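A.B. asks: Sequence and predicted structure are below.
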2 protein chains.
Amino acid sequence: MSEGVEWAIHSCLNLAWVEPAEAVSAAQLAAFFALPAAYLNKQLQALVRAGILTSTSGPRGGFRLARDPDTISLLDVVTAIEGAQEAFRCQQLMKSRPGARKDIDYRKECLVSQAMRQADLAWRRTLADRTIGDIKTDVEKLDPDTPELTRSRLAELR
Amino acid sequence: MSEGVEWAIHSCLNLAWVEPAEAVSAAQLAAFFALPAAYLNKQLQALVRAGILTSTSGPRGGFRLARDPDTISLLDVVTAIEGAQEAFRCQQLMKSRPGARKDIDYRKECLVSQAMRQADLAWRRTLADRTIGDIKTDVEKLDPDTPELTRSRLAELR
DNA sequence: GTCATACTACTCGGATAAGAACTGTCCGAGTGGGGTAGG
DNA sequence: CCTACCCCACTCGGACAGTTCTTATCCGAGTAGTATGAC
């Protein structure tokens, strides 16, 4: 899995902690995490295309959450970066088996494919049940200073 | 995910359908599925290293299941090909956060990492619950001719 | 006919290239703000 | 002093290289079976 997923999730968390009216530039977020700015920008663009963030050009521009953090699941973020296709893609080896039929889509019928898909669904379900808002809340419970510390640190990097 | 995973699972299934005393060469399996022989051989070597198959050199040599199909889970096969490390590897971006502590291993403490690990565990649990023996049985229920057809087809490719 | 021996063909195993995907970088289009000059 | 205009710095966005991982290939070490020749 691309490391951009981790960058994206932590960036969304930071954006959830600043004022919704205020945009944060890719350069600020990159400086915050000590990451390459241009490449992080590339990942954030993917989040914009997925409808998770909105972007603004020019001075005082940057990225904002496009919707409430409670409506952004981890699966949304992962899908935005990695793409929607599942990790295991069936090549339909069953077609090479004697007695195979041409009219069957083995991506659905093959029992191996089904088992792998079932595991993939379990993974997706777990990620879909956890939102940016959840994690934001839980982090604040562990360390109540986080919102204020994050805001001030980002302000320094403007 | 590497496509070798699918090759490996289907190869194990075929090996489960031949006589346990009889070895099947990589060339036979490759011809069966119309796959590149040398590369399939490489994947099967990984299964040998993982203790799933045993190999024999020379004429009438090849690969055999190392143990009962019911004791070989899909997770075993996936792990043999892909490696044991989970897909999401935490880079500990939390360390860049103001108020972070050096003495904490954020690969365990970071809530993002925990959420991703939880999803990974759900995926692994699903794969661990499904064995080569399970699939073998289910396929035979759908098509009782499969064992005999597989054996004879492999014999042709000798 | 039987046994020992050498040979041959076959198989795995690891070392070696080609290709793709991920990672990282750079520059241009567009935008908003601030400075400046005129009223 | 107020306003309109122009310039500039800032930001995203997509096009362009470098690096790592996956995919694919090739050749050598070792082995089992077979043929051959001697006894």
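C.D. replies: Happy to help now that I have it.

A.B. asks: Buried residues in the helix or strand of chain A with the lowest mean pLDDT, which are they?
C.D. replies: Using mean pLDDT, DSSP states H and E, helix A:106-109 stands out as the lowest-scoring helix or strand of chain A, at a mean of 92. For helix A:106-109, burial by neighbour count (16 or more other Cβ atoms under 10 Å in any protein chain shown) applies to residue A:106. In this view, the C-beta of every residue, glycine as well, is placed from N, C-alpha and C.

A.B. asks: And chain B, is it touching that?
C.D. replies: No: on the criterion Cβ under 8 Å from any Cβ of the partner chain, helix A:106-109 is out of touch with chain B, staying 8.8 Å away.

A.B. asks: Need the residues that contact that helix.
C.D. replies: Contacts of helix A:106-109 with the rest of the structure, by Cβ atoms under 8 Å, 6 or more residues apart in numbering or on different chains, involve A:90, A:92-95, A:100, A:113-114.

A.B. asks: Pretty sure residue A:50 sits against residue A:78.
C.D. replies: No: Residue A:50 is beyond contact range of residue A:78, at 10.3 Å (criterion: Cβ atoms under 8 Å).

A.B. asks: Settle it for me: which of these two has more neighbours?
C.D. replies: When neighbours are counted by other Cβ atoms under 10 Å in any protein chain shown, residue A:50 and residue A:78 differ, and residue A:78 comes out ahead with 25 against 17.

A.B. asks: so what's the more buried one closest to, chain neighbours aside?
C.D. replies: residue A:5 (5.5 Å; Cβ to Cβ, 6 or more residues apart in numbering or on different chains).

A.B. asks: For the one you found, give me its contacts.
C.D. replies: By Cβ under 8 Å, 6+ apart, residue A:5 lies in contact with A:77-78, A:81-82, B:88.

A.B. asks: quick one: the longest helix seen in chain A near DNA strand D?
C.D. replies: Secondary structure of chain A per DSSP state H: the longest helix is helix A:111-128. No: residues of helix A:111-128 are not located near DNA strand D by Cβ under 7 Å from any atom of the strand, the shortest gap being 14.6 Å.

A.B. asks: Check which helices and strands that helix sits against.
C.D. replies: Counting contacts by 3 or more Cβ pairs under 8 Å, 6 or more residues apart in numbering or on different chains; DSSP states H and E, helix A:111-128 packs against helix A:74-82, helix A:106-109, helix B:4-17, helix B:74-82, helix B:111-128, helix B:132-142.

A.B. asks: and the next helix or strand after the third one, anywhere near DNA strand D?
C.D. replies: When you say that, I think you mean helix B:4-17. Moving toward the C-terminus from helix B:4-17, the next helix or strand (DSSP states H and E) is helix B:26-33. No: contact of helix B:26-33 with DNA strand D (Cβ under 7 Å from any atom of the strand) is absent, the minimum separation being 9.3 Å.

A.B. asks: now stretch A:51-59
C.D. replies: Yes: using Cβ under 7 Å from any atom of the strand, we find that stretch A:51-59 touches DNA strand D at A:55-59.

A.B. asks: ChimeraX command to pick out the buried ones of those?
C.D. replies: Selection of the buried residues among those in ChimeraX, burial being defined by 16+ other Cβ under 10 Å:
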select /A:55
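
A.B. asks: Can you tell me, leaving aside adjacent residues, what's nearest to residue A:140?
C.D. replies: residue A:146 (5.9 Å).

A.B. asks: quick one: contacts for the residue nearest to residue A:118 when sequence neighbours are not counted?
C.D. replies: Distances taken as Cβ to Cβ, 6+ apart put residue B:126 closest to residue A:118, at 5.7 Å, once the chain neighbours are dropped. By Cβ under 8 Å, 6+ apart, the residues touching residue B:126 are A:118-119, A:122.

A.B. asks: So which bits of chain A are right by DNA strand D?
C.D. replies: Within chain A, the positions near DNA strand D by Cβ under 7 Å from any atom of the strand are A:23, A:25-27, A:38, A:41-42, A:44-45, A:48, A:55-63, A:158.
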